[in-house]
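A.B. asks: with the input below, show me the fold.
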Amino acid sequence: MVRQRRDQAQGQMADLDATWPSSIEPNSWVFADCNLPIDTLAHAVRRGRIEGTKLAVDAVSTPKVGRLPRDLTGVEVLFCNLDEAQ
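C.D. replies: Residues are numbered from 1 along each chain as shown. So this is what the prediction gives:
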């Protein structure tokens, strides 16, 4: 079961890499929301940080905001309500 989840997460990150605009320039915006799996969100944050892409993230809900990595370096804007921010 653990291996299956790891394989699924790696597949999702590969999908993210494949769909991440290759022509995106530094200081361009990418939007994500917390409906994405934990590993995929973390990967998007890392890519944003490394590539200088501005990443905006919508928390979606209080339970789903917990999917974000602790280090939000690379997230330029986080959309959340008061409950999601606490």
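A.B. asks: going forward, measure contacts between C-alpha atoms and count neighbours the same way
C.D. replies: OK.
A.B. asks: residues contacting Val60?
C.D. replies: Contact analysis of Val60 by CA atoms under 8 Å, 6 or more residues apart in numbering lists 33-35, 80.
A.B. asks: quick check: the farthest pair among those residues?
C.D. replies: Taking every pair in the contacts of Val60 and measuring CA to CA, the maximum separation is 13.4 Å, between Asn35 and Cys80.
A.B. asks: how about the contacts of Val60 in CSV, adding secondary structure?
C.D. replies: Supplementary listing: the contacts of Val60 in CSV, determined by DSSP: H, G, I helix; E, B strand; the rest coil:
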residue, secondary structure
Asp33, strand
Cys34, coil
Asn35, coil
Cys80, coil
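A.B. asks: buried only: go through the residues you listed for me.
C.D. replies: Restricting the contacts of Val60 to buried positions leaves 33-34, 80, with burial counted as 16 or more other CA atoms under 10 Å.
A.B. asks: ok, those vs Ile50, which is closest?
C.D. replies: For Ile50, the nearest member of those is Asp33. The distance, counting by CA to CA, is 19.2 Å.
A.B. asks: can you tell me the closest non-neighbouring residue to the closest one?
C.D. replies: Counting by CA to CA, 6 or more residues apart in numbering, Asp33 lies nearest to Asp58, which is 4.5 Å off, once chain neighbours are set aside.
A.B. asks: wait, that neighbour touches Asn81, no?
C.D. replies: No - applying CA atoms under 8 Å, one finds Asp58 not in contact with Asn81, separated by 9.8 Å.
A.B. asks: flag every buried residue along stretch 57-70.
C.D. replies: Of the residues in stretch 57-70, those with enough neighbours to count as buried (16+ other CA under 10 Å) are 57-59, 62, 64-65, 67-68.
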